[in-house]
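Asker: Provided below for reference: sequence and predicted model.
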Amino acid sequence: MKNTHLLLLLLLIGTTATGKVFSQEYSYNDLNKTPQNNIEVGVTIGANNFLGDLGGNLGKGRDFLKDYNFKTVRPLIGLSLNYYPLRWLNINTGINFTGVTGADSLIKNEGGLEKWRYNRNLSFKSAIVEGFISAEVYPLYAIRPDFVLKRLTPYAAIGIGFFHFNPKTKYNGQWVELKPLRLEGEGFAEYPYSKPYNLMQVYVPITFGLKYTINQNFNLLGGMLLRITNTDNIDDVSSKYIDPTLFNKYLSPTQAALAKNLYSRSKTPWKVRPGVDRADSHGNRTDSYLTFFLTLRYTLSSAHNYYDCWHP
């Protein structure tokens, strides 16, 4: 967490210094320059947090920011390529490297509705690589074609992407991959509702943010990025506890022994039995992860076109 904050601070300081260096060359006309046909490259850093079954905060587990936990923040770094076919539209494509983690043990248990998750006592981590393409819209320019470009302007984006994950948990000092252990009976004939999942999944990135024009070459963007995914297995927790004797039927002896130790780590083991919820069955049935980010973009080629100033 401290390293992530340091990276964000360094980028902010660097972009501020860059703005001062170019300030003498930066004229009023540069603020009115259209980005249409511009090509930009960007570098992104961010603070990433998992939103799923494991971990969270007091009370009942909820979607979105309610269960945002600073203890599980992980850094994100990414590269992007941008092209403006229109003044108000940017096509943004790129790749990000990040990670997610969650642990029921981090919940502050005060005996309320969070007690069930705290006693479940499961944890995980996963590295994530994601690639995406999105449409970035600047609504002020779209609504008012004669709108004069200001240093600060809002934007929103939506797109599609693919991400790869691989949930692991720590056991006896070693990180163990969870998918091969099929802890919820994935693919077992006795549990037809529990299907094997893929480690490569589709997601929809949704972004809201602000763009700050430093000078004719550099822009700084900040905002929030939420992913809508189609999987509830990023943390390998999705449905119910199963009969642990079935691990002997479907797994090797070594895997079966490991699976029996990991499928339940409950602080109240007498409550664990086949058919009891292992995941929250009342909330959102898909996992997600949320990023607060800063992006520094550099213009590789410029349109060299200007809009006349509009005066009310």
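Answerer: Structure received.
Asker: residue ranges with poor pLDDT in the stretch 1-150 of the chain?
Answerer: Counting by pLDDT under 70, the ranges of the stretch 1-150 of the chain that qualify are 1-33, 55-68, 110-111, 113, 145-150.
Asker: and the strands in it?
Answerer: 39-51, 74-86, 89-103, 123-137 (DSSP state E, counting those that start in this stretch).
Asker: make JSON lines out of those and add mean neighbour count.
Answerer: Backbone N, C-alpha and C define where each C-beta goes, glycine included. JSON lines is the format used below for those (neighbours: other CB atoms under 10 Å):
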{"stretch": "strand 39-51", "mean neighbour count": "21"}
{"stretch": "strand 74-86", "mean neighbour count": "18"}
{"stretch": "strand 89-103", "mean neighbour count": "20"}
{"stretch": "strand 123-137", "mean neighbour count": "18"}
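Asker: and the ones you listed as CSV, adding distance to residue 186?
Answerer: Compiled in CSV, the strands of the stretch 1-150 of the chain are given as follows (distance: least, CB to CB, whole Å):
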stretch, distance to residue 186
strand 39-51, 21
strand 74-86, 26
strand 89-103, 19
strand 123-137, 16
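Asker: hmm, who's touching stretch 159-173?
Answerer: The contact list for stretch 159-173 (CB atoms under 8 Å, 6 or more residues apart in numbering) reads 92, 100, 122-135, 175-179, 199-205, 227, 229, 233-236, 258, 261-262.
Asker: that older thread, of all the strands of the stretch 1-150 of the chain, which one is nearest residue 295?
Answerer: Set against residue 295 and scored by CB to CB, the strands of the stretch 1-150 of the chain come closest in strand 39-51, at 4.4 Å.
Asker: and the closest one, which strands flank it?
Answerer: Applying DSSP bridges, strand 39-51 is found paired with strand 74-86 (antiparallel), strand 288-301 (antiparallel).
Asker: could you dump those to CSV with distance to residue 249?
Answerer: Below are the strands paired with strand 39-51 laid out as CSV (distance: least, CB to CB, whole Å):
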stretch, distance to residue 249
strand 74-86, 37
strand 288-301, 34
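Asker: nearest to residue 106, of these?
Answerer: The closest of the strands paired with strand 39-51 to residue 106 is strand 74-86. By CB to CB, the value is 13.5 Å.
Asker: between that closest one and strand 89-103, what angle do the directions make?
Answerer: Calculated by axes from the mean of the first three to the mean of the last three CA atoms, to 10 degrees, strand 74-86 forms an angle of 170 degrees with strand 89-103.
Asker: what's the angle from strand 74-86 to strand 123-137?
Answerer: On the basis of the same axes, to 10 degrees, strand 74-86 is oriented at 20 degrees to strand 123-137.
Asker: to residue 184, which of the strands paired with strand 39-51 lies closest?
Answerer: Smallest distance to residue 184 across those (CB to CB): 19.5 Å, for strand 288-301.
Asker: so for that closest one, what gets flagged as buried?
Answerer: Within strand 288-301, the residues that count as buried by 16 or more other CB atoms under 10 Å are 288, 289, 290, 291, 292, 293, 294, 295, 296, 297, 299.
Asker: for stretch 235-254, same thing?
Answerer: Residues of stretch 235-254 classed as buried by neighbour count (16+ other CB under 10 Å): 235-242, 244, 246-247, 250-251.
Asker: do the same with stretch 255-266
Answerer: Applying 16+ other CB under 10 Å to stretch 255-266 flags 256, 258, 259, 260, 262, 263, 264, 265, 266 as buried.
Asker: hang on, isn't the fourth one packed against residue 243?
Answerer: So that's residue 260. No: the pair residue 260 / residue 243 is not scored as a contact, 10.7 Å apart, by CB atoms under 8 Å.
Asker: possible to save the buried residues of strand 288-301 as JSON lines with distance to residue 37?
Answerer: Formatted as JSON lines, the buried residues of strand 288-301 follow (distance: CB to CB, whole Å):
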{"residue": "288", "distance to residue 37": "35"}
{"residue": "289", "distance to residue 37": "34"}
{"residue": "290", "distance to residue 37": "33"}
{"residue": "291", "distance to residue 37": "29"}
{"residue": "292", "distance to residue 37": "31"}
{"residue": "293", "distance to residue 37": "26"}
{"residue": "294", "distance to residue 37": "25"}
{"residue": "295", "distance to residue 37": "20"}
{"residue": "296", "distance to residue 37": "21"}
{"residue": "297", "distance to residue 37": "15"}
{"residue": "299", "distance to residue 37": "11"}
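Asker: sorry, back to before: make TSV out of the buried residues of stretch 255-266 and add distance to residue 273, secondary structure and pLDDT.
Answerer: Putting those into TSV (distance: CB to CB, whole Å; DSSP: H, G, I helix; E, B strand; the rest coil; pLDDT from 0 to 100) gives the following:
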residue	distance to residue 273	secondary structure	pLDDT
256	19	helix	97
258	21	helix	97
259	16	helix	97
260	14	helix	96
262	17	helix	96
263	12	coil	94
264	10	coil	94
265	15	coil	94
266	11	coil	92
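Asker: fine, thanks again, bye for now.
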